[in-house]
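Peer 1: I would like to see how this sequence folds:
(chains A and B)
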Amino acid sequence: MPASATGVHHRSYASELTLRHTRAERFRLLLILAAVVMVPFIVTPYWLTIANQIGIAVIGAVGLNILVGYTGQISLGQGGFLAVGAYTSALLHIRADLPVPVCIALAVITTAAIGALFGVPALRLKGLYLAIATLASQEIILFAVRTWDWLTGGVDAISLPRLEVGGFIFRQDFDWYWVIMAFAVLAVITGRNLFRTGLGRSFMAVRDQDIAASAMGVDVTRTKVLAFAISSAYAGLAGALMAHYTGIVTWERFTLDVSVLYLAIIIVGGLGSIAGSVYGAIFMITLPALITRFGQDFQSIWPQAAEKVPAVQVIVFGLVIVLFLIFEPRGLNRIWQRMKDYIRFWPYRY
Amino acid sequence: MITRAYRHSLNGSHLAPGQPLMEVSDVSLRFGGITALAGVGFTVTQGHIHAVIGPNGAGKSSLLNCISGLYRPQEGQVTLYTKNGPAELVGMRPHRIARLGVARSFQNIELFRHLTVLENLMLGRHVHMRHRLLASLAWFGPARREEIAHRVLVEEVIDLLQIQSVRHQPVGSLAYGFQKRVELGRALCMQPALLLLDEPMAGMNTEEKEDMARFVLDVHELAGVTVVLIEHDMNVVMDISDRVSVLDFGELIADGTPAEVSANPDVVRAYLGEELSA
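Peer 2: Down below sits the predicted model:
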């Protein structure tokens, strides 16, 4: 049983439904927001790039957590859905010459539709079997991207011009930071809101007990397809942002590795938790960046350090997942909760 | 006896007491070569507690699953009289049947175990909520208003079943008796026209059984909810039910008032045991 703050007395359901009840909780949120605003003024360009990558990963991870963590439908197709978002937005921009915000919006809708389509196997399959079916969707999408030369340009990369909105050109990481963070915050807020409502609860009902859910009037078919669509919409947004931010779209950025990375993010962060998606994204993107940094720093002592970096990254990636699965399968979110409990209960143990 | 004033009626049926609410006719269900139900038929009357009894494997739970749409019988009809006229339940998907006001509990507790008691009960309101995607993502506005509006009824159910103390606990961590109560509560939150209870008192001690029987009677007397009840405890069945149907090996062997049924020699032989007839 987690600790709860004392002295909080609600006089209305509305006040009980707020997410933060104590001044400390609200202050913490303010600190986080302040940190988000401060970051681009403090960090080096290298870390600003990492921050932007984290922002995009947060959006994708929130989406995947909605599907895997909250609805219980395991998916290995996140890379494919990111690709759909990236390619849709990029192609609409360079072929149809639509403004980028419109391209991104259309990419979100298109990815949602394609996600819903690939979610259809989930109506019959569960667990491991569904994982294989979504793996197929990942491979089918990437196969289409590589072979439909007339549409995607095949294996060649698409380069995009710099984003320009109303005469302002987004040149640097600094400019992009605000765009990406705005969307990341939006993703977190909408994700959190979804699971405060009956619609989000029906997702969790399907995860926990689908037969009982149907007996309570939840249309399980519709719920699963909807979960795939919503989850893919977030992936589409992340993919589209990635495309315009990096300016280069190539299939190599959306391979199975990416799907696995996103699964790792939500496992490390915490399944069934929006905050966990954020923690996981920060952790799993920062870790390899740190290793790269250490590799460069060690070069003066050990000249081969830099070339060992990729191998070390892979080893650490695997190790982190194994350690989390053994010691805290509920991820960073649970660790953070335990830390908060420890402080609240202190000096008592429970 | 009405002890508290509740704002909401938990009864979702608009029929007058005494009218037929559901007719089960000639329902047959087979799994491969096994006949689970063979031509079962009876009528559930509005305002009754209708018990379905029978030895293990008699087909009681299968019958309930046929009514709530989880199983599809090969033959027969199940007709529910709703405010929009009669509806045929066989062949209808479970969530559609739930929308018509058929709520149920399960023999082995089937709660949403990671969710809190409150969230489980709010899921009982699912069919009465609108669930618009954009409103849900935005939270402030219609979605929040809806949550609060439905919370009022849910709190009445929490009060009725006396589970205030565990409101915010995940149901997976609760004691068995509480879980059974939450399951009853979740079904009640649907404001059911017909409440199907599959062994609500199984695995309980006498005191817990008395509590549960009291809750079922409360629901029935306060709100006039029609209940179909599967139960093994003959004392409970004879005490609280208005009508009893007896199944044995998938066949209906008796149907009548508790007094009639307990006097029926077939029932005594099949269910109560041979030695009692001596």
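Peer 1: need the residues of the stretch 101-250 of chain A near chain B, please.
Peer 2: Within the stretch 101-250 of chain A, the positions adjacent to chain B are A:190, A:193-194, A:196-202, A:204-205, A:207-209, A:211-220, A:226, A:230 by C-beta under 8 Å from any C-beta of the partner chain. Yep, even glycine has a C-beta here, placed from its N, CA and C like the rest.
Peer 1: is it possible to mark the buried ones in those residues?
Peer 2: A:190, A:193-194, A:196-202, A:204-205, A:207-209, A:212-220, A:226, A:230 (16 or more other C-beta atoms under 10 Å in any protein chain shown).
Peer 1: please flag which of the residues you listed sit within strands.
Peer 2: Counted as lying in strands by DSSP state E, out of those, is not a single one.
Peer 1: okay, and which of these map to helices?
Peer 2: The members of these that map onto helices under DSSP state H are A:190, A:193-194, A:198-202, A:204-205, A:207-208, A:212-215, A:220, A:226, A:230.
Peer 1: tell me the strands beside the lowest-mean-pLDDT helix or strand in chain A, with direction?
Peer 2: When each helix and strand of chain A is scored by mean pLDDT, DSSP states H and E, strand A:163-165 comes last, with a mean of 79. Note on strand A:163-165: by DSSP bridges, its sheet partners are strand A:168-170 (antiparallel).
Peer 1: of all the residues in the strand it pairs with, which ones are buried?
Peer 2: Buried residues in strand A:168-170 (16+ other C-beta under 10 Å): A:Phe170.
Peer 1: with stretch B:6-15 instead?
Peer 2: Of all the residues in stretch B:6-15, those buried under the rule 16+ other C-beta under 10 Å are B:10-13, B:15.
Peer 1: got JSON lines for those, with distance to chain A and secondary structure too?
Peer 2: Formatted as JSON lines, those follow (distance: C-beta to the nearest C-beta, whole Å; DSSP: H, G, I helix; E, B strand; the rest coil):
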{"residue": "B:Leu10", "distance to chain A": "15", "secondary structure": "coil"}
{"residue": "B:Asn11", "distance to chain A": "17", "secondary structure": "coil"}
{"residue": "B:Gly12", "distance to chain A": "12", "secondary structure": "coil"}
{"residue": "B:Ser13", "distance to chain A": "16", "secondary structure": "coil"}
{"residue": "B:Leu15", "distance to chain A": "20", "secondary structure": "coil"}
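Peer 1: element containing residue 41, please.
Peer 2: I went with chain A, as the question did not name one. A:Phe41 is part of helix A:23-42 when elements are defined by DSSP states H and E.
Peer 1: oops, I was thinking of chain B
Peer 2: B:Gly41 belongs to strand B:34-45 when assigned by DSSP H and E.
Peer 1: list of residues touching that strand?
Peer 2: Where contact means C-beta atoms under 8 Å, 6 or more residues apart in numbering or on different chains, the residues beyond strand B:34-45 that reach it are B:17-30, B:50, B:59, B:62-63, B:66, B:73, B:75-76, B:194, B:226, B:228, B:242-243, B:245, B:247, B:249-252, B:255.
Peer 1: what ranges does chain A have for its strands?
Peer 2: Residue ranges of the strands in chain A, as given by DSSP E, are A:158-159, A:163-165, A:168-170, A:248-249.
Peer 1: and the contacts of the first one?
Peer 2: Here strand A:158-159 makes contact (C-beta under 8 Å, 6+ apart) with A:87, A:90-91, A:94, A:152, A:247-250.
Peer 1: what about 6 Å?
Peer 2: With C-beta atoms under 6 Å, 6 or more residues apart in numbering or on different chains as the test, strand A:158-159 has contacts from A:90, A:248-249.
Peer 1: closest to chain B among the residues you listed?
Peer 2: Within the contacts of strand A:158-159, proximity to chain B (C-beta to the nearest C-beta) peaks at A:Ala90, which comes in at 25.8 Å.
Peer 1: distance of the closest one from B:Gly85?
Peer 2: Separation of A:Ala90 from B:Gly85 (C-beta to C-beta, to the nearest Å) stands at 55 Å.
Peer 1: next one: A:Leu163
Peer 2: Going from A:Leu163 to B:Gly85 by C-beta to C-beta gives 59 Å.
Peer 1: higher neighbour count, those two?
Peer 2: A:Leu163 (21 against 7; other C-beta atoms under 10 Å in any protein chain shown).
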